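S.K.: pasting the structure only:
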């Protein structure tokens, strides 16, 4: 299922989440995940600090994903894709796509969309979705 959420709703959606995981990709094509506390600033997600491997991965391969797990087992995971720019000490992420997703074994409420699992796209602050 897919339900589009307006770009201005991304900040409200993020308010329901706390800890996230930033996923980058190393030179060996292996994912690297670290726990982060991102904040939304206008149309970008900002990480005040990042480790050396995370910074290197983001600088060399800027496509990243942030994952906020749900607070409850039946809740939605928030996934945000973006393009990273390494800054002094931290990382800024231009949002390209965001979706709320949960396990396929959860009840699905049909919306007329063809999403094969229970997901809800969240419009990015830039208004571009996949």
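M.R.: Yep, it's here. Because the structure is predicted, anything quoted here is derived from the model rather than measured.

S.K.: Which strands and helices lie in contact with the longest helix seen in the chain?
M.R.: Under DSSP state H, the helix in the chain containing the largest number of residues is helix 52-60. Judged by 3 or more CB pairs under 8 Å, 6 or more residues apart in numbering; DSSP states H and E, the packing partners of helix 52-60 are strand 20-25, strand 31-36, strand 77-86, strand 91-101. For every residue, glycine as well, the C-beta is placed using N, CA and C.

S.K.: Give the pairing partners of the following helix or strand past that helix; include direction for each.
M.R.: For helix 52-60, the succeeding helix or strand toward the C-terminus, using DSSP states H and E, is strand 63-68. Next to strand 63-68 in the sheet, as set by DSSP bridges, lie strand 20-25 (antiparallel), strand 77-86 (antiparallel).

S.K.: Where among the helices and strands packed on helix 52-60 is average confidence lowest?
M.R.: Mean pLDDT is lowest for strand 91-101 among the helices and strands packed on helix 52-60, at a mean of 89.

S.K.: quick revisit: how about the helices and strands packed on helix 52-60, which one is nearest residue 55?
M.R.: Smallest distance to residue 55 across these (CB to CB): 5.2 Å, for strand 77-86.

S.K.: tilt between that closest one and strand 91-101?
M.R.: In terms of direction (axes from the mean of the first three to the mean of the last three CA atoms, to 10 degrees), strand 77-86 departs from strand 91-101 by 160 degrees.

S.K.: Verify the contact between residue 14 and residue 66 for me.
M.R.: No: the pair residue 14 / residue 66 is not scored as a contact, 9.8 Å apart, by CB atoms under 8 Å.
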